[in-house]
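A.B. asks: next one to model:
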Amino acid sequence: MANEREGQEQAGERRAPNPDLRAQRSESRATQTYAFFLKDLEAKANCGRELAEKAAQSVLCLLEMRLIDNEAKHLEAQLPRKVRDLLQRCPRHEGMALRKFRLEQFLAMVAEDLDTTPNEAERLSRAVFATVREHITEGEAEDVMGQLPSDLRALWMREA
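C.D. replies: Numbers count the residues shown, from 1 in each chain. Now for the predicted structure:
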């Protein structure tokens, strides 16, 4: 089989990749990067997959509501595809304009989404932000931070 393939390539008869195979590979890669993202978040938050997924959706949806539209798109472009899919299911920011809210409001909304306390919401938000920062470029992390008020910036920044 390998010899046959080599013969075809030498003869210039290289076959185009099968679109179904390409789609399967793409889906497999998306699943792997999403699993890696969630595993990283689970470790940082010391929680299970279901809570990690809910926390990522809540925190990132609220973060996107706080960012100017172009910056939200730039951030999304660097996130794993299935993390972006979580945001597509977030009903809170559909068609919404930029919302300016402070840390206390942010944590209250996360706490409500996750049915938890503001202290736990802060812990989970820090874990989500830390995970996101590790999966995007430093330049993008700086751009996001530049759009946040100082109290939310403290949540976004790396802990010393």
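A.B. asks: residue ranges with poor pLDDT in this protein?
C.D. replies: For the chain, the stretches with pLDDT under 70 are 1-17, 89-98, 159-160.
A.B. asks: which residues of the protein fall in helices?
C.D. replies: Along the chain, counting by DSSP state H, helices occupy 2-10, 19-45, 49-66, 69-78, 81-88, 103-114, 118-134, 138-146, 150-156.
A.B. asks: let's have these in a markdown table, adding mean neighbour count.
C.D. replies: (C-beta placed from N, C-alpha, C; glycine too.) Below are the helices of the chain laid out as a markdown table (neighbours: other C-beta atoms under 10 Å):
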| stretch | mean neighbour count |
| --- | --- |
| helix 2-10 | 9 |
| helix 19-45 | 14 |
| helix 49-66 | 21 |
| helix 69-78 | 15 |
| helix 81-88 | 16 |
| helix 103-114 | 18 |
| helix 118-134 | 20 |
| helix 138-146 | 14 |
| helix 150-156 | 15 |
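A.B. asks: list the contacts of Val128.
C.D. replies: Residues near Val128 by C-beta atoms under 8 Å, 6 or more residues apart in numbering: Leu41, Ala45, Ala55, Ala56, Val59, Leu60.
A.B. asks: from what I see, the fourth one and Asp40 are in contact.
C.D. replies: No - using C-beta atoms under 8 Å as the test, Ala56 is too far from Asp40 to be in contact (10.5 Å).
A.B. asks: joint contacts of these two?
C.D. replies: Listed as contacting both Ala56 and Asp40 by C-beta under 8 Å, 6+ apart are Thr131.
A.B. asks: roughly how far apart are Asn18 and Arg133?
C.D. replies: Asn18 sits 37 Å away from Arg133, taking C-beta to C-beta, to the nearest Å as the criterion.
A.B. asks: typo on my end, it should be Leu67
C.D. replies: From Leu67 across to Arg133, the span is 15 Å (C-beta to C-beta).
A.B. asks: same check on Asp113?
C.D. replies: As for Asp113, its distance to Arg133 is 21 Å (criterion: C-beta to C-beta).
A.B. asks: got it, and Val83?
C.D. replies: When C-beta to C-beta is applied, the distance between Val83 and Arg133 equals 13 Å.
A.B. asks: how about Ala35?
C.D. replies: As defined by C-beta to C-beta, Ala35 lies at a distance of 19 Å from Arg133.
A.B. asks: for Leu107, same thing?
C.D. replies: In this structure, Leu107 lies at 18 Å from Arg133, with C-beta to C-beta as the measure.
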